[in-house]
Structures are given as C-alpha cells and as structure tokens.
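J.: no letters, just coordinates:
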C-alpha cells in the first residue's frame, strides 16, 4: 500500500526505547545530545519576534524565489561574513531540508546519484530517498585533523552523479572545507556537469581562530555550478522560524538556467511565509545577541572538554574547527550500542554513538556543545571517568 520512499521498518532503536522509559519514570538525565538552542538556557530578547507583527504581512504578493527585500537581507547576511552575492541569485526556502529537496528536483532524475560526506548528520539518506535519488558516500579521513579522502570521492563518481554535497563545517566532525579541497572538487565536477552543494548553516560557529575566514567559499567560484545553503535556524538560534536560503554561483549561463528551473519549482510550492520574509532583516539583526551567546557557550565548553580529556589519556578528543558538536574517540571495551546504553542507564548521561553519524568503525561518542556549562561538565566528566584508569592504547 505504501511507497518505498519511506522506510518500511520504523521500529525505535534500543537507545530511544531506554530513554523513553527513563523519562516516563520522571528520572533526570544529563542530555549531551541537545541540538535545540531554545531549550539550552540562552537569553532570547523578549521582542525578538516583534517584527512578525509588521502590517506588510497582511498583503500577499508572492515572488517564487522570495520577496526582493528579504533576498536583499540575505545578501547583507553574506556581506557580514565577507561574501558578495547578487540578490538575483538568491532563492528563499522554508528550511534547508526543503532546499535540498528542491535542488534534487532541479538536478536529478529518479535513480541519479549525489555524493554525501561520511561521517555526517543522518539526514541525507532520508532526503535523497524521498526524492528517489541515491546517496553515495565519500569519506572524510582523520589524521590530526579532518580532510576529504580524495581517493574515495573519485571512486564514488559515476556517470549518474549529479551533485557533490559538502557541509562546512561538517556536522559532527567540525571540518571546514579548505580552499584547496574546494578547488579540487570544482575541477572534478565542472568537466562532468556535476553541481556542488555547500551547506554552511554552522559557518557562524568556528571553534578554531580564523577557521571561517580560511575556509573555501563556493560563492566566490565561477567555474562550477554551486549552491550555498544557510538559514535562520542556526544563524539566530531559532529553529521554529522556518526560513532558509540558497545562493547560486558559477558560470553565468548555467546560473541563469539553474535559477529559472528553481523558480519554476518554487512557484509550484510557494512555501515560504510572507511575514517571515518581511521580518527577515530585523530578525537577523536582533538575533545577533543569541548567536553571540551560542558561540561563547560552545567555545567555552569545547575548551573545558579539551582540558578535562587529559584526565583520561585513553580518550582522544578529535580536532574540530567549527560547529556545535565534539567527537570523542574512546577505547572499545564494549560495543557502541552497549556503551551508550550503559552511560544512560548507569551514569544518566545521554550521548550519540558514532555509528549514528556513519562512522565506519568503533568507538566514537558524539556530544553536543550546546548544554549549559554545569550540565556539560558534569556529563562529560562521567564519560571520561569511565576510561580514566584505562591504559592509553596509543
């Protein structure tokens, strides 16, 4: 009766079942998977959403790619980070997930392929499956820092490849794509009529000095068709304000063609809220204080974890240059499943296992840097105490 676009087995995993049982009993846990900034104790300006009451929102005169003044607000957002883009190359969407879906429709026929980074957030396989597109992984490798495994990327390319996705900084590894990596990708893709999609939703949150400034910028390239994604969810820590954007770049003729096709699809859906578009410039300006709080929190928590991890030499905090997450490589004393269940049941600490993000071997734990300092320090201390007496295997 149902399509194969949605997985047939929707049974919750063991960690979800255990967590639900603990919460049903009303027992407290230290949640180190938190990704919702509105529940992380930040001080949101009480008038942050006041611009949504602007009377302009009472009039409906839709533009498929987004209202001109809203697209101009996105141009100013790029300018804040030292980028120059044209409002005529901007398309507004209801979310970055929708942006991906629209781009898959523009670029792919059923059964075509897009290359996705591994490890990465477990979203792309669902999004591609919903659009009848095949997700093919390419690897990120770690040697004192993350980098694209060029050999794996080249091996993944086929005549059906239509796009290569990069997330900069990557979630959860924190890898910003370098200028050299971006140049290599552009060279590989341009001659094969393959587009590049750069997801930069975490670009405002560097953990290393100058990481954002040193990263490769797809919007600066005119040799390959590119789509750069961003949105309100991370820019001002407001995931319920559903608005995102796509910036198109590349050779002029191809950009015009891509824009026309994207405009047709956007006109079919007209999914972006008019009041949000009218308020966008004010929201981005007012939300700066939230963004600054988030950056201060994650950098402080990351520094604290760097210091605390020295108490457990057998654990390795992998280098991250940006984003909201940290990756701990820990001794494989038990399976990742057993470890995260044990941490939850015995230590009341909730973390993600590495395989959730498609790490290819054990053992990795992924922790969010968003929780308040006292929660983060207590939770990570309980994790590190597990391994404090374990001999360093290196």
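T.: Sure thing, it's come through. Small disclaimer: the values here were computed from a predicted structure and weren't measured.
J.: distance check, residue 22 against residue 12.
T.: 14 Å (C-beta to C-beta, to the nearest Å). Every residue, glycine included, has its C-beta placed from N, CA and C.
J.: can you name the residues that contact the spatially most central residue of the chain?
T.: Geometric centre of the chain, nearest residue: residue 171, 5.1 Å, by C-alpha atoms, centre = their mean. The neighbours of residue 171, taking C-beta atoms under 8 Å, 6 or more residues apart in numbering as the test, are 120, 121, 202, 323, 324, 325.
J.: Serialize the residues you listed to a markdown table and add fields for secondary structure.
T.: Putting these into a markdown table (DSSP: H, G, I helix; E, B strand; the rest coil) gives the following:
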| residue | secondary structure |
| --- | --- |
| 120 | coil |
| 121 | coil |
| 202 | coil |
| 323 | coil |
| 324 | coil |
| 325 | strand |
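J.: and these, which is closest to residue 332?
T.: Set against residue 332, the nearest of the contacts of residue 171 by C-beta to C-beta is residue 325 (20.7 Å).
J.: helix, strand, or coil at the nearest residue to that closest one once chain neighbours are set aside?
T.: Spatial nearest neighbour of residue 325, excluding adjacent residues (C-beta to C-beta, 6 or more residues apart in numbering): residue 172 at 3.7 Å. At residue 172 the chain is in coil, as set by three-state DSSP.
J.: just the pLDDT for residue 172.
T.: Predicted confidence (pLDDT) for residue 172: 97.
J.: can you list the domains in the chain?
T.: Using automatic domain parsing, the domain parsing of the chain gives 14-43+289-387, 50-286.
J.: for the helix ranked longest in the chain, give the mean pLDDT please.
T.: The longest helix of the chain (DSSP state H) is helix 288-308. For helix 288-308, the mean pLDDT works out to 98.
J.: buried residues in it?
T.: 289, 290, 291, 293, 294, 297, 298, 301, 302, 304, 305, 308 (16 or more other C-beta atoms under 10 Å).
J.: in the protein, which spans are helices?
T.: Using DSSP H, helices in the chain cover 14-24, 68-80, 96-107, 124-130, 150-156, 179-190, 211-214, 232-235, 252-269, 274-286, 288-308, 336-347, 373-387.
J.: for these, which one sits closest to residue 48?
T.: Per C-beta to C-beta, nearest to residue 48 of the helices of the chain: helix 274-286, 5.3 Å.
J.: ok, residue 77 - contacts?
T.: Applying C-beta under 8 Å, 6+ apart, the residues contacting residue 77 are 230, 235, 284.
J.: got these as TSV, with neighbour count, pLDDT and distance to residue 152 columns?
T.: Converted to TSV, these look like this (neighbours: other C-beta atoms under 10 Å; pLDDT from 0 to 100; distance: C-beta to C-beta, whole Å):
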residue	neighbour count	pLDDT	distance to residue 152
230	24	97	27
235	24	95	32
284	18	97	37
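J.: quick check, nearest of the residues you listed to residue 354?
T.: Distances from residue 354 to the contacts of residue 77, taken by C-beta to C-beta, are shortest for residue 230, at 27.1 Å.
J.: longest strand in this structure, please.
T.: The residue-count maximum for a strand in the chain (DSSP state E) belongs to strand 134-142.
J.: in its sheet, what does that one sit against?
T.: Strand 134-142 pairs in its sheet with strand 113-118 (parallel), strand 146-148 (antiparallel), by DSSP bridges.
J.: mean confidence for the longest one?
T.: Right, the one you point to is strand 113-118. 98.
J.: between that strand and helix 96-107, how big is the angle?
T.: Here the directions of strand 113-118 and helix 96-107 differ by 150 degrees (axes from the mean of the first three to the mean of the last three C-alpha atoms, to 10 degrees).
J.: roughly how far is strand 113-118 from the heart of the chain?
T.: When C-alpha coordinates are averaged (C-alpha atoms, centre = their mean, to the nearest Å), strand 113-118 and its chain have centres 14 Å apart.
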